[in-house]
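Participant: Need a 3D model of the following:
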Amino acid sequence: MFNCIRNAGAASLILGMLATAPAHSADIEIKTPRGMAELPSTPAKIAVMDITALDTIDLLGVKPVGVPERLYVDYLKDLGDDAQKTGSLFQPDFEAIHALQPDLVVVGGRSSKQYDAMTKIAPTIDMTVWGEDIIGQAKARLAAYGALFGKEKDAKTHLAAFEAKIAEAKNTVKDKGNALIILTNGPKISAYGASGRFSWLHEAIELPEAIKNVEEATHGEAVSFEFIREANPDWLIVIDRSAAVGNKGVTAKETLNNALIHDTKAWESNQIVYLDAANIYIASGGIQSMTNTLDEIITAFGKAQ
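Facilitator: Numbers count the residues shown, from 1 in each chain. Have a look, this model is predicted:
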């Protein structure tokens, strides 16, 4: 991520916008990672600069007027047909956002460092989903958006469906063995467990870890093929970072196609699950994204005897 304002020109631009930034009366409070936020209810024009936020907002049927240039996940790409492109997650186009005169700007995750700059343009909330209890945070964001956009009934319906999907996944993985979650980045591999970035997969559906405290064991560093063979997981759950961000190069399947990986129970049992990487790497924390990932887990584990 980069600094809120990269140069003096950008700073001058935002200062110049202050005089014409829309004014609103605050008539609703919602909880955000930065505390309670007072906002105008049912904002008509919103710019969303976070894919996770966009995921859940889209689920509620709310269409933004401004979205990032790249949307990464296939199920959101149609939003770019009607909305104004407003820069990247890391470098928003402040001028384009100001021109939209939005009632609300939503940032989060990769764009959260732009919060202070965005508040000079329009009312802004940071709805980052990160850290512990990702599932709980995702549910809280769904409820908050439901209240904000007058979609409380829809939010409750989607919450019930999401909780049912978690229960289905939990039942499907029960007694099917342990798993090791790995992230490939070209030829490099990192491992994640119940206290790591993708911990919700272990926690929410009670999927046993192949190695306890894997983050402590690896110190967040890249792991070797020997490490995976020694872990010898029943299941290997794979996230290809390069595929998630659209980089060309060595794929996860190519990286893992070697004798050491072939000598694991996961390979021998054909129990290597290649998740849709953009879903879980870019949009994780969004209700649609997490539902899609759970469906992938249900499909894969459902085939096991």
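Participant: can you map out the strands along the stretch 151-300 of the chain?
Facilitator: 179-185, 188-192, 235-240, 272-274 (DSSP state E, counting those that start in this stretch).
Participant: do you know which of those lies nearest Met49?
Facilitator: strand 235-240 (23.3 Å; CB to CB). From N, CA and C alone the C-beta is placed, and that goes for glycine too.
Participant: Now do the closest one: distance to the chain's middle.
Facilitator: Strand 235-240 sits 17 Å away from the centroid of its parent chain (CA atoms, centre = their mean, to the nearest Å).
Participant: and the gap between Ala160 and Pro102?
Facilitator: 31 Å (CB to CB, to the nearest Å).
Participant: Just the mean pLDDT for the helix or strand Glu95 falls within, thanks.
Facilitator: Taking DSSP states H and E as the definition, one finds Glu95 inside helix 94-100. The average pLDDT for helix 94-100 rounds to 98.
Participant: residues making contact with the next helix or strand after that helix?
Facilitator: Proceeding N to C from helix 94-100, the next assigned helix or strand is strand 104-107, under DSSP H and E. Under the contact criterion CB atoms under 8 Å, 6 or more residues apart in numbering, strand 104-107 has outside partners 39-40, 43, 45-50, 53-54, 57, 66, 97, 114-115, 118, 121-128.
Participant: Does the lengthiest helix in the chain pack against any helices or strands, and if so which?
Facilitator: Determined from DSSP state H, the single longest helix within the chain is helix 152-173. Packed against helix 152-173, as judged by 3 or more CB pairs under 8 Å, 6 or more residues apart in numbering; DSSP states H and E, are the following elements: helix 134-148, helix 200-205, helix 287-302.
Participant: tell me the contacts of Thr264?
Facilitator: Counting by CB under 8 Å, 6+ apart, Thr264 has contacts 228-229, 231-233, 236.
Participant: With Thr299 instead?
Facilitator: Thr299 sits in contact with no residue, where contact means CB under 8 Å, 6+ apart.
Participant: Relative to the whole chain's centre, how far out is the helix holding Glu95?
Facilitator: On CA atoms, centre = their mean, the centre of helix 94-100 falls 25 Å from the chain's centre.
Participant: same for it, what does it pack against?
Facilitator: helix 8-17, strand 66-67, strand 84-85.
Participant: Give the residue spans of this structure that score low on pLDDT.
Facilitator: Residue ranges of the chain with pLDDT under 70: 1-26, 216-220.
Participant: Per the annotation, how does it divide into domains?
Facilitator: 28-155, 173-303 (the TED database).
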